[in-house]
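> Structure here, sequence nowhere to be found:
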């Protein structure tokens, strides 16, 4: 049970929801029916367009940008039904570590019923220095092995909190191509994702 002090995700009208409805683990197929979580992203449209860090998808494409291995995002459907939506294509931004990907927007068994997901409410408003920040991600998950039906495959997500230390509009490091926010949020492998406020909308 979620207590009053624990972070939570909300819809635009204030209803509590599971953050996995809009914040998704990104998985890479490594062999047969085995998948590993390589990062976290979040939906930006209601039909499977998502945003993530570009390096999350690096091992899935060649120098031409063509996909060379299968990747998936996880979609939580009605009645706790889980769909693995294959990544069809993505676009990487040249001057930042960002990529926009497109996941399949229908279940293959139901091609006439597109999957509709929650999407984030994005804003350009900067929080005040010292503000509490909350993100949700899927770090350090075990390999999912679907070759053995006896396996109980789980993907675990968690909240991570911290404070905003400062905003750096002009990078101090020449390797940084653009401004950034510096926070105290702990970053673990598989949990790198653009700062995202836990508020979503149904549309």
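Thanks, I have it. This structure is a prediction, so every number in the text was calculated from the model and none was measured.
> Can you pull up the most central residue in the protein?
Centroid-nearest residue in the chain: residue 41, 1.7 Å away (criterion: C-alpha atoms, centre = their mean).
> hey, what's it bridged with?
Bridge pairing for residue 41 (DSSP bridges) gives the partners residue 24, residue 52.
> what does residue 100 give?
residue 51, residue 91.
> which residues touch it?
Residues near residue 100 by C-beta atoms under 8 Å, 6 or more residues apart in numbering: 44, 49-51, 90-91. For every residue, glycine as well, the C-beta is placed using N, CA and C.
> can I get the residues you listed in a markdown table with distance to residue 73, pLDDT and neighbour count?
What follows is those, written out as a markdown table (distance: C-beta to C-beta, whole Å; pLDDT from 0 to 100; neighbours: other C-beta atoms under 10 Å):
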| residue | distance to residue 73 | pLDDT | neighbour count |
| --- | --- | --- | --- |
| 44 | 12 | 90 | 15 |
| 49 | 10 | 92 | 16 |
| 50 | 6 | 93 | 26 |
| 51 | 11 | 91 | 19 |
| 90 | 11 | 85 | 22 |
| 91 | 16 | 84 | 11 |
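> Closest one of the residues you listed to residue 71?
residue 90 (8.7 Å; C-beta to C-beta).
> who are the neighbours in contact with that closest one?
Under the contact definition (C-beta under 8 Å, 6+ apart), the residues listed for residue 90 are 57, 61, 99-102.
> can we see that at 7 Å?
Going by C-beta atoms under 7 Å, 6 or more residues apart in numbering, residue 90 touches 57, 99-102.
> repeat for residue 183
Contacts of residue 183 by C-beta under 7 Å, 6+ apart are 133, 162-165.
> And for residue 68, the neighbour number?
If you count neighbours by other C-beta atoms under 10 Å, residue 68 ends up with 9.
> Provide a list of residues in contact with it.
Here residue 68 is in contact with 60-62 (C-beta under 7 Å, 6+ apart).
> And the buried ones among those residues, selectable in ChimeraX?
To isolate the buried members of the contacts of residue 68 in ChimeraX, using 16 or more other C-beta atoms under 10 Å:
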select :60,61
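> Reformat the contacts of residue 68 as JSON lines; add distance to residue 173 and pLDDT.
Compiled in JSON lines, the contacts of residue 68 are given as follows (distance: C-beta to C-beta, whole Å; pLDDT from 0 to 100):
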{"residue": "60", "distance to residue 173": "27", "pLDDT": "80"}
{"residue": "61", "distance to residue 173": "27", "pLDDT": "75"}
{"residue": "62", "distance to residue 173": "29", "pLDDT": "74"}
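> which one of the contacts of residue 68 sits closest to residue 184?
residue 60 (31.1 Å).
> rewinding a little: now go through the contacts of residue 183 and say which are in strands.
When DSSP state E is applied, those are split such that 133, 162-165 fall in strands.
> Restrict those residues to the buried ones and give me that as a PyMOL selection.
Under the burial definition 16+ other C-beta under 10 Å, those of those that qualify are selected in PyMOL by:
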select buried, resi 133+164
